[in-house]
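1. missing the sequence, but the structure's below:
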């Protein structure tokens, strides 16, 4: 059995893409499960895939994960919904205890976010099992770079000294870092659509979104442009006022009519954008790669530096959709942004293939 832990809709999508490429044919010929939210299913083959959803707390993520879980079950994948963040201090220990038998029985462990403290806690129990990391967005680039440099795993937008919680979890993080690094005892595989330069011992397999293209579309195209939102404001990287000005300028310049909100964007920010720009705010119920592939979608899709400038050209291959990325101007960054923010975002844009670059609005 292969065992995957996911915490976001994009991670679950990329686990399905990974399974689609496996020679064992995990997504073919396996009876579908019942669709109840707590259904565990039976798997159907000796090398079946079980996905454990470590459910987040925010409603948008939970809703998208429910929809992705339905798609996964339709493909014959076993899905277990785990309320890992239930109220009470004992939830993490209870979750680890309940998942321990699955970990012991797995031949390979698949994770979507190597920076997650929850995933790191589980990885401390993995031992020498083979490991696969699938995309959770641009963080994959930073993960591979940090492993190559032998650094501790820190999200690119974090700054400052470690707090008490990070110091307390430092031993667990150190063990997880060893599990996430190549060794003679285990294989570490990265399944990614992002440009990475892996160190020796990490095997990279390309995510071409073959399952998405086979399952959905091609989409119907609209005449106008669509704009993709980002959570850079919510993560403390970009100034809110600067961001709203940039969205308004891009919408006016390119004739955008819809704004696809990131699942972490705040309701207040989205209300201000709608009032200022007249854009129709869309809260997608699935990852944008699936929304775009199903359509309808604009002939031009505008985005700021983010995962979608790498994934949308792949998901929309063979269509006439043009993806354009707008640079983040240095003056948009907040004083509290990580010193690495500008260079990291520039790297996300500069390494994107099959996209048009547009300058930041003045």
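-> On my side now, so go ahead. Keep in mind it's a predicted model, so treat the numbers as computed, not measured.
2. and residue 359, what does it touch?
-> Residue 359 is in contact with 326-327, counting by Cβ atoms under 8 Å, 6 or more residues apart in numbering. Quick note: C-beta positions are derived from backbone N, CA and C, even for glycine.
3. pLDDT score assigned to it?
-> Per-residue pLDDT puts residue 359 at 83.
4. relative to residue 337, how far out is it?
-> 20 Å (Cβ to Cβ, to the nearest Å).
5. sheet partners, orientation included, of the host helix or strand of residue 301?
-> For residue 301, the host element (DSSP states H and E) is strand 297-303. Its sheet considered, strand 297-303 pairs with strand 221-228 (parallel), strand 322-326 (parallel) by DSSP bridges.
6. could you dump these into JSON lines with mean neighbour count, mean pLDDT and distance to residue 112 added?
-> Shown next, in JSON lines, are the strands paired with strand 297-303 (neighbours: other Cβ atoms under 10 Å; pLDDT from 0 to 100; distance: least, Cβ to Cβ, whole Å):
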{"stretch": "strand 221-228", "mean neighbour count": "19", "mean pLDDT": "94", "distance to residue 112": "20"}
{"stretch": "strand 322-326", "mean neighbour count": "21", "mean pLDDT": "95", "distance to residue 112": "23"}
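7. other SSEs contacting the next helix or strand after the strand holding residue 301?
-> Where DSSP H and E defines the elements, the next helix or strand beyond strand 297-303 is helix 308-315. Contacts defined by 3 or more Cβ pairs under 8 Å, 6 or more residues apart in numbering; DSSP states H and E place helix 308-315 against helix 288-294, strand 297-303, strand 322-326, helix 341-350.
8. swap the cut-off to 6 Å and go again
-> Using 3 or more Cβ pairs under 6 Å, 6 or more residues apart in numbering; DSSP states H and E as the contact criterion, the elements in contact with helix 308-315 are helix 288-294, strand 322-326.
9. tell me the angle the shortest one makes with helix 341-350.
-> Taking axes from the mean of the first three to the mean of the last three Cα atoms, to 10 degrees, one finds that strand 322-326 is oriented at 160 degrees with respect to helix 341-350.
10. if we can go back for a sec, now distance to residue 218 too, for the helices and strands packed on helix 308-315, in TSV please.
-> Converted to TSV, the helices and strands packed on helix 308-315 look like this (distance: least, Cβ to Cβ, whole Å):
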stretch	distance to residue 218
helix 288-294	8
strand 322-326	15
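11. tell me which of these approaches residue 206 most closely.
-> helix 288-294 (15.1 Å; Cβ to Cβ).
12. tell me which residues are up against the closest one.
-> 212, 216-217, 219, 260, 284, 308, 311, 315-316 (Cβ atoms under 6 Å, 6 or more residues apart in numbering).
13. now stretch 237-250: buried residues?
-> Buried residues in stretch 237-250, counting neighbours by 16 or more other Cβ atoms under 10 Å, are found at 237-239, 242-244, 246-248, 250.
14. and the gap between residue 175 and residue 262?
-> 32 Å.
15. who's more crowded, those two?
-> Taking other Cβ atoms under 10 Å, residue 175 and residue 262 do not tie; residue 262 has more neighbours (20 against 16).
16. shouldn't the more buried one be in contact with residue 233?
-> No. At 9.6 Å, residue 262 does not count as touching residue 233 under the criterion of Cβ atoms under 6 Å.
17. what's residue 345 in contact with, if anything?
-> If you count contacts by Cβ under 6 Å, 6+ apart, then residue 345 has 305, 328 around it.
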